[in-house]
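> Attaching a predicted model along with its sequence, questions to come.
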Amino acid sequence: MSANAADAAASAGGGGPAVAASSYLHDGYSLWSWISSRDHKRIAILYALSITAFFFIGAVAAGLIRLELFTPVADVVDADTYDRLFTAHGVIMVWMFLIPSIPSVFGNFVLPLMIGARDLAFPNLNLLSWYLYAGGGLFTIAAMLLGGVDTGWTFYTPYSSIFSNTHVILTLAGVLVVGFSSILTGLNFIVTVHTLRAPGMGWFKLPLFVWAIYATSVILVLATPVLAITLLLLAAERIFHIGFFNPALGGDPLLFQHLFWFYSHPAVYIMILPAMGVASEIIPCFARKRVFGYKFMAFAIVGIAVVSFLVWGHHMFVSGQSVYANMVFSVLSFVVAVPSAIKVFNWTATLYKGSITFSAPMLYALGFVILFMAGGLTGLFLASLSIDVHVTDTYFVVAHFHYIMVGGSVMAYLGAMHYWWPKITGRMYAESWARVAALIIFAGFNLTFFPQYLLGYDGMPRRYHTYPEQFQLLNILSSSGAVVLAIGYLLPLGYLLWSLRHGERAPDNPWRATGLEWQTSSPPPQHNFDRQPDGSAEPYDYTPHRGIHQ
């Protein structure tokens, strides 16, 4: 349906184009029609609902952690419960929110639209991946409710393989199933990008978001099996007492760390590369400028994906590995900062002399860039051997990780949600509320995690539920910031749900963006396009006369 036809259809009701009769939202209304759908758009919605539920469960655990740390003494939970809380928070947030969030929701929904495809290459496999994700996630949550696990989300041996009496095996099984969901999703995206691009769409005419999802998918397919094997070896050691990691049985505990971090450091880029792709879509749109250095941006994405496999050892500087290995991993950790810096410089150059509109998606994108830059710069501190020895296992590491993962990935996730919300739902949200929420989240995040840099540098270790009184003021600031952050996260949930019923109907292209996803109706029809789109146009061809819907 064209924009003019949609406007005409809605003229009696006013307020913008009506939802197309063939919209994917009208392809059945029963629960079964949703949970059996092979439509990538519906599966994206299923992922969004599941991920949101898991996010708030993980956030409750984080809230209890910050409540306990408000005072120096144990006055909310005991030590064992605290161990289970921070493990649950880490497991849920890493494997059930951060890793799948942007690829599974927005990769699923907009990647086929961006390349002019009718669906992903393997629709049945796509549905299976959601069932694996939801089933593995629920199984993991059940293990947490049955008594939890107290090893931390890294499951370090020998504690996890010998001494812990908690539900390690059940939790590993749930994470393993979720990992297979990621592998299937990544494989689907790779084949889709290779085989289903619109006529004329060469590799250097792909949107940068597609480049980012493609690179992320390669990491998922290559790295996640290593995690699966590692978790299976850990389970075998616990059940059958085979000596993989237990020194008493002839194993090597450092082997677990090498295998775990060989997956888990690339996993950092599984979380952040899609966020970079989101920023690369939003910033040119709201600056009304062609993205600066498109090919350099694409090559930087590939460079990050490649180098991410070479730096796992910087998590092990104090583990006893060779000093020469430490030096090599330190240098490589500085090297990986180069393609990341290229992207920051190119986003900045794109903004330079642009006609910038500070709409909600742009505020989230700018927040992402600022927080990612802060987290990335402190990553250079941790890549330096002498500083890393001082701050290892302190709150400095916690702050760095959260600036990248939460400040980066969650800001980008919310930016993507606001940017593509009109396309997904056919409705506009309350822009003023969205801007307020973006600012509250940015302020609440910094109030929560910046004090943790100071705590860590002053020597406060992580994973302790009590601490010396000298750290209380900074912990009060951090816990107070968590309250502000929680308010900021709840606001979008409120006004986005409100918009589903009361929001203004969205034009087909409210942002006057250039991607193929904006050349179909809002929301899209069941098969995405009424006719095969032309993919030969240059990406990000913004011109000054194109305005933005307000």
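Received the coordinates, thanks.

> Residue 470: neighbour count?
12 (other Cβ atoms under 10 Å). Every C-beta, even on glycine, is put in place using the N, C-alpha and C of the backbone.

> And the pLDDT at residue 407?
You'll see residue 407 listed with a pLDDT of 89.

> And it, how far from residue 425?
Counting by Cβ to Cβ, to the nearest Å, the gap from residue 407 to residue 425 is 26 Å.

> And residue 184, by the same measure?
Residue 184 is 27 Å from residue 425, by Cβ to Cβ.

> now do residue 150
41 Å.

> And the average pLDDT for the host helix or strand of residue 43 is what?
Using DSSP states H and E, the element containing residue 43 is helix 40-68. Here helix 40-68 scores 97 as its mean pLDDT.

> Stretch 496-512 too?
On average, stretch 496-512 scores 96.

> Comparing residue 407 and residue 425, which residue is more hemmed in?
Counted by other Cβ under 10 Å, residue 407 and residue 425 do not tie: residue 407 has more neighbours, with 27 against 20.

> Just confirm the more buried one contacts residue 375, I think it does.
Yes: between residue 407 and residue 375 a contact is recorded at 6.1 Å, counting by Cβ atoms under 8 Å.

> do you know how far residue 470 is from residue 452?
15 Å.

> in the helix or strand where residue 220 lies, what's buried?
Using DSSP H and E, residue 220 sits in helix 208-240. Residues of helix 208-240 classed as buried by neighbour count (16 or more other Cβ atoms under 10 Å): 208-221, 223-224, 226-228, 230-231, 233-235, 237-238.

> And stretch 527-538, by the same measure?
528, 529, 533, 535, 537.

> Now do it: distance to the chain's middle.
28 Å (Cα atoms, centre = their mean, to the nearest Å).

> now swap in stretch 99-118 and tell me
For stretch 99-118, the distance to the chain centre is 13 Å (Cα atoms, centre = their mean).

> mean confidence for that stretch?
97.

> quick one, strands of this structure?
With DSSP state E, there are no strands along the chain.

> Tell me where it is predicted with low confidence.
1-21, 544-550 (pLDDT under 70).

> try 80 this time
1-22, 543-550 (pLDDT under 80).

> Closest to the centroid, which residue in it?
residue 98 (3.9 Å; Cα atoms, centre = their mean).

> Please give me every residue in contact with the nearest residue to that one once chain neighbours are set aside.
Excluding the flanking residues, the one nearest residue 98 by Cβ to Cβ, 6 or more residues apart in numbering is residue 271, at 4.6 Å. Residues near residue 271 by Cβ atoms under 8 Å, 6 or more residues apart in numbering: 98, 99, 404, 405, 408, 409.

> 6 Å instead, please
98, 405, 409 (Cβ atoms under 6 Å, 6 or more residues apart in numbering).

> what do you get for residue 528?
Counted by Cβ under 6 Å, 6+ apart, residue 528 has contacts 113, 118.

> hmm, 7 Å instead?
112, 113, 118, 520 (Cβ atoms under 7 Å, 6 or more residues apart in numbering).

> ok, of the residues you listed, which one's closest to residue 282?
Closest to residue 282 out of the contacts of residue 528 is residue 113 (16.1 Å), distances taken as Cβ to Cβ.

> contacting residues for the closest one?
Residue 113 neighbours (Cβ under 7 Å, 6+ apart): 516, 517, 520, 524, 528.

> Quick check: it vs residue 417, distance?
From residue 113 to residue 417 the distance is 16 Å (Cβ to Cβ).

> report the longest helix in the chain, please.
helix 253-287 (DSSP state H).

> And the helices in the stretch 401-550 of the chain, which stretches?
Assigned by DSSP state H, counting those that start in this stretch, the helices in the stretch 401-550 of the chain fall at 411-425, 431-457, 472-502.

> how far off helix 411-425 does the last one point, in degrees?
Yep, that's helix 472-502 we're talking about. 10 degrees (axes from the mean of the first three to the mean of the last three Cα atoms, to 10 degrees).

> My guess is the residue nearest to the centre of the chain contacts residue 405. True?
Yes: counting by Cβ atoms under 7 Å, residue 98 does reach residue 405; the two are 5.6 Å apart.

> out of the contacts of residue 528, who's nearest residue 392?
Nearest to residue 392 among the contacts of residue 528, with distances taken as Cβ to Cβ, is residue 112, at 43.4 Å.

> separation between the closest one and residue 337?
Separation of residue 112 from residue 337 (Cβ to Cβ): 33 Å.

> Looking at those two, which is more packed in?
Neighbour totals were compared for residue 112 and residue 337, and residue 112 leads with 28 against 17 (other Cβ under 10 Å).

> list the buried ones in stretch 430-443?
Those would be 430, 433, 434, 435, 436, 437, 438, 440, 441, 442, for stretch 430-443 by 16+ other Cβ under 10 Å.

> One more: stretch 352-359?
Buried residues in stretch 352-359 (16+ other Cβ under 10 Å): 354, 359.

> Now do the end-to-end distance for it.
Start and end residues of stretch 352-359 are separated by 17 Å (Cα to Cα, to the nearest Å).

> The chain should start at 638 in everything you say after this.
Sounds good: first residue 638 from here, last item stretch 989-996.

> And for the residue nearest to residue 870 when sequence neighbours are not counted, the neighbour number?
Leaving aside its sequence neighbours, residue 870 sits nearest to residue 881 (Cβ to Cβ, 6+ apart; 4.6 Å). For residue 881, the neighbour count with other Cβ under 10 Å is 20.

> Can you give me the distance of residue 975 to residue 935?
15 Å.

> neighbour count winner among the two?
residue 935 (21 against 12).

> give me every residue that touches the more buried one.
Here residue 935 is in contact with 841, 845, 848 (Cβ under 7 Å, 6+ apart).

> Is there a neighbour count for residue 761? I'd like the number.
Residue 761: 9 neighbours (other Cβ under 10 Å).

> err, residue 955, not the other one
12.

> List the residues that contact it.
1026, 1029.

> Spatially, which residue comes closest to residue 1084, not counting chain neighbours?
Going by Cβ to Cβ, 6+ apart, residue 1084 has residue 1118 as its nearest residue, at 3.0 Å.
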